[in-house]
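# Need a 3D model of the following:
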Amino acid sequence: MKQAVAAGASLAVALALLLPALLAAPAAGADGKASLDGRALFERKCSACHRLSLSTDRREWKPEWRAIVNRMAGKRDGWISAEEAAAIVDYLGFEYGKD
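Numbering: from 1, shown residues only. Sure thing, here's the model as predicted:
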């Protein structure tokens with residue numbers, strides 16, 4: 001009985017220590033990689049060169065957003081990776097896409 005109580009207490013302590021770290025970890029996508037936050041990337045990367053309303057005041061289909069983001073990414077080599085560009089396009093397509 002004492003062993004069961006001790007094992008239960010150990011499990012509770014382990015969960016208490018690990019749970020915050022597990023909850024704070026970014027969710028993994030289908031490929032097992034952590035998903036990127038398209039909104040945060042958009043705000044950080046795009047605002048480095050121009051005001052965000054330049055993008056948020058317009059509506060585009062996702063292929064148009066992709067072309068725009070790729071064109072902007074090409075202006076500063078290495079500034080926006082392909083993965084970051086894809087996350088930004090997903091965000092813009094969802095939030096500012098044409099219906």
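# Tell me how many other residues crowd residue 41.
20 (other C-beta atoms under 10 Å). Where C-beta positions appear, they are placed from N, C-alpha and C, glycine not excepted.
# which stretches of the chain form helices?
Using DSSP state H, the helices of the chain run over residues 2-24, 38-41, 53-56, 62-73, 82-96.
# Return the member of those having the minimum mean pLDDT.
Here the helices of the chain differ in mean pLDDT, and the lowest is helix 2-24 at a mean of 53.
# how does the protein divide into domains?
1-35, 36-99 (automatic domain parsing).
# What lies in contact with stretch 84-92?
Contacts of stretch 84-92 from elsewhere in the structure, counted by C-beta atoms under 8 Å, 6 or more residues apart in numbering, are 35-39, 41-42, 45-46, 55, 60, 62, 65-66, 69-70, 73, 80.
# what's the nearest residue to residue 61 if we skip its chain neighbours?
Excluding the flanking residues, the one nearest residue 61 by C-beta to C-beta, 6 or more residues apart in numbering is residue 98, at 5.3 Å.
# residues touching that neighbour, list them.
59, 60, 61.
# Can you report how many residues neighbour the first one?
Read that as residue 59. For residue 59, using other C-beta under 10 Å, the count is 13.
# isn't it right next to residue 97, touching?
Yes. Counting by C-beta atoms under 8 Å, residue 59 does reach residue 97; the two are 6.6 Å apart.
# So what does the residue nearest to residue 61 look like in phi/psi?
phi -70, psi 140 (degrees, to the nearest 10).
# so how far is residue 63 from it?
As for residue 98, its distance to residue 63 is 11 Å (criterion: C-beta to C-beta, to the nearest Å).
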